[in-house]
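Enquirer: Need a 3D model of the following:
(3 chains)
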Amino acid sequence: MPELPEVETVVRTLRPRLTGRTIVAATGDPKLTPAAVIGQTIREVSRYGKYISLRFDQGLLLVHLRMTGKLLFDGARTPYTRAEFVLDQGTLLYDDIRRFGRITWVQIYPSQGPDPLEVPFPGFANLFAGRRARLKTLLLDQQFLRGLGNIYVDEALFRARLHPLAVCADLSRPKLERLHAAIREVLDEAIALGGSSISDYVDGNGERGTFQNFHRVYRKTGEPCVVCGKAIERIVVTQRGTHFCPRCQRA
DNA sequence: ATCTATTCCTGGCTGC
DNA sequence: TGCAGCCAGGAATAGA
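Expert: Now for the predicted structure:
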């Protein structure tokens, strides 16, 4: 499922193909094809959390891929193609098997937490002060930090040697420093490899990522920890499958 | 503030 | 081979 590294990869692959293009027509699900974009020129392609953002003179088109969404330049139509944006050069297809994704026309970005790749450590640490929620719960909350999802939270917590059920406010400064570094590290590595393609994810050119080959805990239940050899465990936190090493990540 | 449950949605997997 | 049942989960929403 597309999280920050996947969305960043889509943005990087689409940016050179879409910047300066004009939308000539839009067809498909009316909820995915706001009329406001017709005739408008794409000025900028960027990422806001897990949103792909197309900036026009009159507003922003925000694309959220959720679980199975794909945004493809000159891609092939499939039975799951839900929307099609005809450009002055090329076509932008929106494909989504499970229809969880959303495309919205807005004037400003929704209010969310800071970007984990941009927030410096002091600000990062301050976010946790006074918060009694579980660590994984807050890291998944886009109002707290924007861009992390289930895969990268599990991978970052493993690297930082922190238990997903730790109470945020109780985390020591060294632990928060480890977490800050681990989040940046895993996101940077994932972006460098084009993201994780577990099932459906592909970039704007239809290419799969390869970071799934380097996951250490996500969906590794029962497999030996790469650090200590103990079997990776799976629990449910906030309705999400959660994978961790019970020895490296003590409660 | 925090937690839980529910809804959306369908391909892929398991077990009989 | 067929098929029922369940699982994956990001975000919005309601309710405790």
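Enquirer: Could you check which residue of chain A lies nearest DNA strand C?
Expert: Relative to DNA strand C, the nearest point of chain A is A:Gly241 (3.1 Å; C-beta to the nearest atom of the strand). To be clear about C-beta, it is placed using only N, CA and C from the backbone, and glycine gets the same treatment.
Enquirer: so who does that residue touch?
Expert: Residues in contact with A:Gly241 (C-beta atoms under 8 Å, 6 or more residues apart in numbering) are A:Asn150, A:Arg219, A:Arg234.
Enquirer: Could you do A:Leu71 as well?
Expert: A:Val10, A:Leu14, A:Ile52, A:Val63, A:Leu65, A:Leu92, A:Leu93, A:Tyr94, A:Asp95, A:Gly204.
Enquirer: Correct me if wrong, but it is in a strand.
Expert: Yes: counting by DSSP: H, G, I helix; E, B strand; the rest coil, A:Leu71 is found in a strand.
Enquirer: gap between it and A:Asp96?
Expert: The gap separating A:Leu71 from A:Asp96 is 9 Å, by C-beta to C-beta, to the nearest Å.
Enquirer: which neighbours do the two share?
Expert: Counting by C-beta under 8 Å, 6+ apart, the residues touching both A:Leu71 and A:Asp96 are A:Leu65.
Enquirer: just the buried members of the contacts of A:Gly241?
Expert: Buried subset of those (neighbour count, 16 or more other C-beta atoms under 10 Å): A:Asn150.
Enquirer: Among the contacts of A:Gly241, which ones lie close to DNA strand C?
Expert: A:Asn150, A:Arg219 (C-beta under 7 Å from any atom of the strand).
Enquirer: Could you single out the nearest of the contacts of A:Gly241 to DNA strand B?
Expert: A:Arg219 (11.7 Å).
Enquirer: quick one: contacts for the spatially closest residue to the closest one that is not a sequence neighbour?
Expert: Leaving aside its sequence neighbours, A:Arg219 sits nearest to A:His243 (C-beta to C-beta, 6 or more residues apart in numbering; 6.5 Å). Counting by C-beta under 8 Å, 6+ apart, A:His243 touches A:Asp154, A:Phe158, A:Val217, A:Tyr218, A:Arg219, A:Lys220, A:Thr221, A:Ile232, A:Glu233, A:Arg234.
Enquirer: are any of those buried, and which?
Expert: A:Asp154, A:Phe158, A:Val217, A:Tyr218, A:Lys220, A:Ile232, A:Glu233.
Enquirer: In strands, which of those residues fall?
Expert: Judged by DSSP state E, the subset of the buried ones among the contacts of A:His243 located in strands is A:Glu233.
Enquirer: Alongside DNA strand C, which residues does the stretch 1-150 of chain A contribute?
Expert: A:1, A:3, A:49-50, A:64, A:66-67, A:98, A:100, A:110, A:140, A:142, A:149-150.
Enquirer: want to try a markdown table for the contacts of A:His243, with pLDDT as columns?
Expert: Shown next, in a markdown table, are these (pLDDT from 0 to 100):
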| residue | pLDDT |
| --- | --- |
| A:Asp154 | 95 |
| A:Phe158 | 96 |
| A:Val217 | 95 |
| A:Tyr218 | 93 |
| A:Arg219 | 92 |
| A:Lys220 | 92 |
| A:Thr221 | 91 |
| A:Ile232 | 93 |
| A:Glu233 | 92 |
| A:Arg234 | 92 |
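Enquirer: quick one: which of these is nearest to DNA strand B?
Expert: For the contacts of A:His243, the nearest to DNA strand B is A:Arg219 (11.7 Å; C-beta to the nearest atom of the strand).
Enquirer: What distance do you get for that closest one to A:Arg240?
Expert: 12 Å.
Enquirer: cool, and A:Gln142?
Expert: Taking C-beta to C-beta, one finds A:Gln142 at 14 Å from A:Arg240.
Enquirer: same deal with A:Leu72?
Expert: 28 Å.
Enquirer: So for those two, which residue has more residues nearby?
Expert: Remark: of A:Leu72 and A:Arg240, A:Leu72 carries more neighbours, 22 against 15, as counted by other C-beta atoms under 10 Å.
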